[in-house]
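Participant: Compute the structure for the input listed below.
(one chain, ligands or ions: 3)
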Amino acid sequence: MMMKEGEGQQHGRHAGEIELKKLGHLLLGYLPVMGGRIRAPRYLDVEERPMRGVETCTLCGVTVNMGEVCVRNLDRELATELPFIAVHALVTHGDRVFHGALHGEGQIDVDRLKDVLNYEEYRIGRLITALLAHTSLLPEHLTIKEEMMRGVVPCAECGDQVNMGFFEIANTHNGESMRIPYLALHALVEHKDTGYAAQSDEHPDAVDLADEEHLDMERLRRILGQSRAHAEFGKRIAGYLAGLGGEEEPPRHVDVVEHPQRGLEQCATCGEGVNMGYFELRNKHTGHEMQLPFISIHSLAAHGDAYYRGSLHHGWVDVPLLNRLVKRTWPIVQRVRRTRR
Ligand SMILES: [Zn+2]
Ligand SMILES: [Zn+2]
Ligand SMILES: [Zn+2]
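Facilitator: Ligands and ions are numbered 1, 2, ... in the order given. The predicted model follows:
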């Protein structure tokens, strides 16, 4: 959005949703028409339909190809079609609404796009990678034990050499644990794929990993998602939401806008009916915002589970990101002034 200097502070900054920007970048990577250079994974069929001519974003004036793209997930038999201007809206504005001079204003089905791109799975892979690299980030409900082995195996998809060992991740809150080969984590992060296998023909060490296996994502979600701290945090956020019966004022630096809808969706965990609408939360200082369905906070508060499954919405709440969003931070402008003095 174009804003004059100073205006941002009066009306609050709009930096969009970080999550949507990441989703947009993932998709853009697969689109040569928009400058993408990443080969789409094996389960994804990306069909670009560029047209002669450009379309202007009415928000920022940038032009993109006026055509569309159709992306199909062959494993899930799920497809989505988007004009290129929608990809621009995600990447540049972190916005689920696009504003094109030709396609007009339109809403992007973000949940569907996430499913098509295996985005939630990829995000879980990224989270685990971060936890392995910085054990100080480990939340109190998780432990990780690494069992690196001497030797590497080549990934069947890309040929990269990956340590043939594994790590064990355990949840001290619900007692569940899981052994995950490094090869599986590689496939999750690099190929956004829950399936993994090693090339076995030329490599005797790879025999154990030669047959394609699939990560048990349901279990992994329970291990990563369920904790007492999540329940505490969820209850705090639920307190700000009238749609969930909350009666507390949010902190002054946080804007909460609720969009309740007529009707309920059922929580798959407990069967409770929760308003099928959603809410937006914005940090006035940083301009960052997040949009989540009510069921997600019900899941956090009632089950301590960051992974939510309702009859309408399903997904994963990025708790650290949400936590940063409601935390008090100083506007960047003020910080600069202070250091100058
Ligand atoms: Zn734009
Ligand atoms: Zn690979
Ligand atoms: Zn429930």
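
Participant: Get me the contact residues on the stretch 1-150 of the chain for ligand 1.
Facilitator: For the stretch 1-150 of the chain, the contact set with ligand 1 under CB under 5 Å from the ion comprises C57, L59, C60, V62, T92. Where C-beta positions appear, they are placed from N, C-alpha and C, glycine not excepted.

Participant: ok, 6 Å please
Facilitator: C57, L59, C60, V62, H88, T92, H93 (CB under 6 Å from the ion).

Participant: any low-confidence regions in this structure?
Facilitator: In the predicted model of the chain, residues 1-13, 201-209, 329-341 satisfy pLDDT under 70.

Participant: rewinding a little: among the residues of the stretch 1-150 of the chain next to ligand 1, which one lies nearest to A238?
Facilitator: H93 (28.9 Å; CB to CB).

Participant: didn't the closest one look like it was pressed against A15?
Facilitator: No: in terms of CB atoms under 8 Å, H93 does not count as a neighbour of A15; the distance is 9.2 Å.

Participant: neighbour-wise, which of these two wins?
Facilitator: Counted by other CB atoms under 10 Å, H93 and A15 do not tie: H93 has more neighbours, with 23 against 16.

Participant: Distance of the spatially closest residue to that one that is not a sequence neighbour relative to A89?
Facilitator: With sequence-adjacent residues excluded and distances taken as CB to CB, 6 or more residues apart in numbering, H93 is closest to G16, at 5.1 Å. Using CB to CB, to the nearest Å, one obtains 9 Å as the distance from G16 to A89.

Participant: Same check on Y182?
Facilitator: The gap separating Y182 from A89 is 36 Å, by CB to CB.

Participant: and the two? which has more neighbours close in?
Facilitator: In this view Y182 and A89 are compared by other CB under 10 Å, and A89 has more residues nearby, 28 against 22.

Participant: Help me confirm that that one comes into contact with E105.
Facilitator: No: under the criterion of CB under 8 Å, A89 is not in contact with E105, lying 9.9 Å apart.

Participant: any residues in contact with both of the two?
Facilitator: Common contacts of A89 and E105 (CB atoms under 8 Å, 6 or more residues apart in numbering): V97, F98, H99.

Participant: Report how many residues lie close to A130.
Facilitator: Residue crowding around A130 was assessed by other CB under 10 Å; the count is 12.

Participant: In contact with it: list those residues for me.
Facilitator: L137.

Participant: how about the longest helix anywhere in the chain: buried residues?
Facilitator: Using DSSP state H to assign secondary structure, the helix with the most residues in the chain is helix 119-133. Buried residues in helix 119-133, defined by neighbour count with 16 or more other CB atoms under 10 Å: Y119, E120, E121, Y122, R123, I124, G125, L127, I128, L131, L132.

Participant: re earlier: most neighbours among the residues of the stretch 1-150 of the chain next to ligand 1, please name it.
Facilitator: For those, neighbours were counted by other CB under 10 Å; the highest total belongs to H88, with 25 neighbours.

Participant: what about it, which SS state?
Facilitator: Using DSSP: H, G, I helix; E, B strand; the rest coil as the criterion, the local structure at H88 reads helix.

Participant: thinking it is in contact with T56, fair?
Facilitator: No: with contacts counted by CB under 8 Å, H88 stays clear of T56, the gap being 10.1 Å.

Participant: what sits in contact with each of those two?
Facilitator: Shared contacts of H88 and T56, defined by CB under 8 Å, 6+ apart, comprise V62.

Participant: State the pair within the buried residues of helix 119-133 that is farthest apart.
Facilitator: Taking CB to CB as the measure, the buried residues of helix 119-133 span a maximum distance of 20.5 Å, between Y119 and L132.

Participant: Am I right that the residue nearest to H93 is in contact with D95?
Facilitator: Yes: here G16 lies in contact with D95, judged by CB under 8 Å, at a distance of 5.5 Å.

Participant: Kindly point out which residues are neighbours of both of the two.
Facilitator: Overlap between the neighbourhoods of G16 and D95 is empty, taking contacts as CB under 8 Å, 6+ apart.

Participant: give me the number of residues near the residue nearest to G94 when sequence neighbours are not counted?
Facilitator: With CB to CB, 6+ apart as the criterion, G94 has its nearest non-adjacent residue at 2.2 Å, and that residue is G16. Each residue near G16 was counted by other CB under 10 Å, and the total is 21.

Participant: Distance-wise, check G16 relative to A238.
Facilitator: Taking CB to CB, one finds G16 at 25 Å from A238.

Participant: now the helices for the stretch 1-150 of the chain?
Facilitator: Taking DSSP state H, counting those that start in this stretch as the criterion, the stretch 1-150 of the chain carries its helices at 7-11, 18-29, 84-93, 110-116, 119-133.

Participant: I'd like the ones you listed as TSV, with distance to I144 appended.
Facilitator: Shown next, in TSV, are these (distance: least, CB to CB, whole Å):
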stretch	distance to I144
helix 7-11	41
helix 18-29	24
helix 84-93	32
helix 110-116	26
helix 119-133	6
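
Participant: sorry, back to before: now the residues of the stretch 1-150 of the chain next to ligand 1 as TSV including distance to A170?
Facilitator: Shown next, in TSV, are these (distance: CB to CB, whole Å):
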residue	distance to A170
C57	47
L59	46
C60	47
V62	47
H88	42
T92	41
H93	40
